[in-house]
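Asks: 3D, please:
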Amino acid sequence: MEILEVKTSEREEMVDITGQVRSLVRKNGWNNGALLLYCPHTTGAITVNEGADPDVVRDIVVNMRKLIPHHGDYRHMEGNSDAHIKTSLFGPEQMLIVDGGEVMLGTWQHIFFCEFDGPRARKLWAQFMPC
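Replies: Coordinates of the predicted model:
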């Protein structure tokens with residue numbers, strides 16, 4: 001298992017980690033198999049979405065804030081219930097195909113770490129499963 005480190009600067013943001021993931025695959029010589037990316041934090045998630053137009057990320061963050069506001073009818077005493085809900089919607093992991101040493105993504109797809117309770121220093125776990 002390898003660990004990726006991500007530092008966030010805002011309470012809610014999506015950080016493009018595509019380059020870090022591709023570098024990790026190259027550094028370790030992983031060729032053909034599946035790469036599991038997992039976030040061990042209850043207020044962070046991993047997703048794949050469009051990375052070519054930054055407005056897509058902006059639209060996701062802004063509209064998640066509207067759908068699940070920071071302050072609402074929550075009982076969790078830490079004040080970050082919205083972050084837990086958003087994380088559950090996105091999910092803590094992504095399984096990616098690695099073929100010929102390359103992470104297989106669609107033309108516009110990038111890999112994002114989703115921060116919902118930052119800013120923080122986060123760690124993501126990466127496990128390669130060869131086939």
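
Asks: In this protein, where is pLDDT below threshold?
Replies: For the chain, no stretch has pLDDT under 70.

Asks: Next secondary structure element downstream of the longest helix anywhere in the chain?
Replies: Taking DSSP state H as the criterion, the chain has its longest helix at helix 54-67. Proceeding N to C from helix 54-67, the next assigned helix or strand is helix 81-90, under DSSP states H and E.

Asks: between that following helix and helix 54-67, how many degrees?
Replies: Here helix 81-90 points in a direction 120 degrees away from that of helix 54-67 (axes from the mean of the first three to the mean of the last three Cα atoms, to 10 degrees).

Asks: Following the chain past helix 81-90, name the next helix or strand.
Replies: Following helix 81-90 in sequence, per DSSP H and E, is strand 93-99.

Asks: So what are the sheet partners of that next one and their directions?
Replies: Its sheet considered, strand 93-99 pairs with strand 33-38 (antiparallel), strand 102-103 (antiparallel) by DSSP bridges.

Asks: out of those, which comes closest to residue 95?
Replies: With Cβ to Cβ as the criterion, residue 95 lies closest to strand 33-38 of those, at 5.5 Å. Any C-beta I mention is one placed from the backbone N, CA and C, and that applies to glycine too.

Asks: quick one: terminal-to-terminal distance for stretch 4-11?
Replies: Using Cα to Cα, to the nearest Å, one end of stretch 4-11 lies 20 Å from the other.

Asks: For that stretch, buried residues please.
Replies: Neighbour-count burial for stretch 4-11, counted by 16 or more other Cβ atoms under 10 Å, picks out 4, 6, 8, 11.

Asks: So what's the residue count around residue 129?
Replies: Neighbour count of residue 129, defined by other Cβ atoms under 10 Å: 11.

Asks: Next, it: phi, psi?
Replies: Torsion angles at residue 129 (phi, psi; degrees, to the nearest 10) stand at phi -120, psi 100.

Asks: burial measure for residue 118, as a count.
Replies: Neighbour count of residue 118, defined by other Cβ under 10 Å: 19.

Asks: same check, this time on the one 5 residues further on
Replies: Here the neighbour count serves as a burial measure; for residue 123 (other Cβ under 10 Å) it reads 12.
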